[in-house]
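S.K.: Attaching a predicted model along with its sequence, questions to come.
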Amino acid sequence: MGREGELDAFGRALGGDADAPFAFYLYGAGGIGKSALLRRMGDLAVRAGRRVVEVDGRFVGRD
């Protein structure tokens with residue numbers, strides 16, 4: 001998939017590593033795999049016992 005670095009950092013954050021990033025910001029041009037990466041991260045979070053909530057910004061108001 002080519003996102004080993006991002007997935008490693010996310011896995012460390014899930015594991016409670018104090019040196020792991022606190023927040024993740026994902027951006028980029030259309031078609032480069034952002035949604036696939038988010039789904040993969042969601043799967044990892046669920047396997048780690050975390051609750052995952054998906055929000056599609058196309059359907060959320062600015063309020």
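M.R.: Thanks, I have the structure now.
S.K.: Show me what the longest helix along the chain is packed against.
M.R.: Counting residues, the longest helix in the chain under DSSP state H turns out to be helix 34-47. Where contact means 3 or more Cβ pairs under 8 Å, 6 or more residues apart in numbering; DSSP states H and E, helix 34-47 is packed against helix 4-14. For the C-beta atoms, the positions are set from N, CA and C on the backbone; glycine is no exception.
S.K.: doesn't residue 23 make contact with residue 13?
M.R.: No. If you go by Cβ atoms under 8 Å, residue 13 and residue 23 don't touch, sitting 9.0 Å apart.
S.K.: So the two - more neighbours on which side?
M.R.: residue 13 (20 against 5; other Cβ atoms under 10 Å).
S.K.: What residue, apart from its backbone neighbours, is nearest that one spatially?
M.R.: Spatial nearest neighbour of residue 13, chain neighbours left out: residue 20 (3.9 Å); criterion: Cβ to Cβ, 6 or more residues apart in numbering.
S.K.: same thing with residue 3?
M.R.: In space, residue 3 is closest to residue 37, 5.3 Å off (Cβ to Cβ, 6+ apart).
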